[in-house]
Structures are given as structure tokens and as C-alpha cells.
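Novice: Kindly generate the corresponding structure for this input.
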Amino acid sequence: MAETDSHDPAVLSYEQARDELVQVVGRLEQGGTTLEESLQLWERGEALAARCEEWLIGARQRLEAARQGSADQASGATSEVEA
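Specialist: So this is what the prediction gives:
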């Protein structure tokens, strides 16, 4: 398997995990691997997909926090104007 297999998915950026996942899926779709190699690729793909999901969840949470912060600031400014 590729050199990147030794990398812990937890340390990969979203882009790194996504790009490697694309490669893994491509190899699985090509076929021509042994059952053991296919299982290893599948497991690596699952780990990479989970890493991508972690990044996306984190990004969603940051966006929600930013939106909430903007809404809080807007409502605070409105309260000051009303007072």
C-alpha cells in the first residue's frame, strides 16, 4: 500500500484526508487487489472518511458559533438602542 498508510488519519488535514480517500476509492474501483489488500484499503478509507467527517463537523460548529456570536451582537446593539 501507499506510503501515506503509515500516517495516522487524526493528524491529516481535511484536504489530505479527502485526497487520499479519493485515491483509496479509485484503487478499490479498479480491482485487481487481493482480498486482504481490499480489506486494508476499505479500512483505510473508513478511517479517512471519519477524519473528513470530523473536519466537517468542526467547521459546521465554528460557523454556528460565528452566527450565534453575530446574532448576539446584533441583539445587544438593538437592546442598547432601545434603552
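Novice: Could you list the low-confidence segments of this protein?
Specialist: 1-6, 77-83 (pLDDT under 70).
Novice: where exactly do the helices run in it?
Specialist: Ranges of helices in the chain, per DSSP state H, are 14-30, 35-82.
Novice: what's the most buried one of these?
Specialist: Burial of the helices of the chain is given as mean neighbour count (mean count of other C-beta atoms under 10 Å); helix 14-30 ranks first at a mean of 15. Heads up, the C-betas are built off the backbone N, CA and C, glycines and all.
Novice: what about that one, distance to the chain center?
Specialist: Centroid separation for helix 14-30 versus its chain: 13 Å, with C-alpha atoms, centre = their mean, to the nearest Å.
Novice: would you put the C-alpha positions of that helix in PDB?
Specialist: Output of helix 14-30 as PDB, limited to C-alpha atoms (Å, rounded to 0.1, in the frame of the first residue of the first chain):
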ATOM      1  CA  TYR A  14      -9.200  17.800   5.600                       C
ATOM      2  CA  GLU A  15      -7.600  18.200   2.100                       C
ATOM      3  CA  GLN A  16      -5.000  15.500   2.800                       C
ATOM      4  CA  ALA A  17      -7.600  13.000   4.100                       C
ATOM      5  CA  ARG A  18     -10.000  13.800   1.200                       C
ATOM      6  CA  ASP A  19      -7.300  13.400  -1.400                       C
ATOM      7  CA  GLU A  20      -6.100  10.100   0.000                       C
ATOM      8  CA  LEU A  21      -9.700   8.900   0.300                       C
ATOM      9  CA  VAL A  22     -10.200   9.600  -3.400                       C
ATOM     10  CA  GLN A  23      -7.100   7.500  -4.200                       C
ATOM     11  CA  VAL A  24      -8.300   4.600  -2.000                       C
ATOM     12  CA  VAL A  25     -11.700   4.600  -3.700                       C
ATOM     13  CA  GLY A  26     -10.000   4.600  -7.100                       C
ATOM     14  CA  ARG A  27      -7.900   1.600  -6.200                       C
ATOM     15  CA  LEU A  28     -10.900  -0.200  -4.900                       C
ATOM     16  CA  GLU A  29     -12.900   0.500  -8.000                       C
ATOM     17  CA  GLN A  30     -10.000  -0.600 -10.300                       C
END
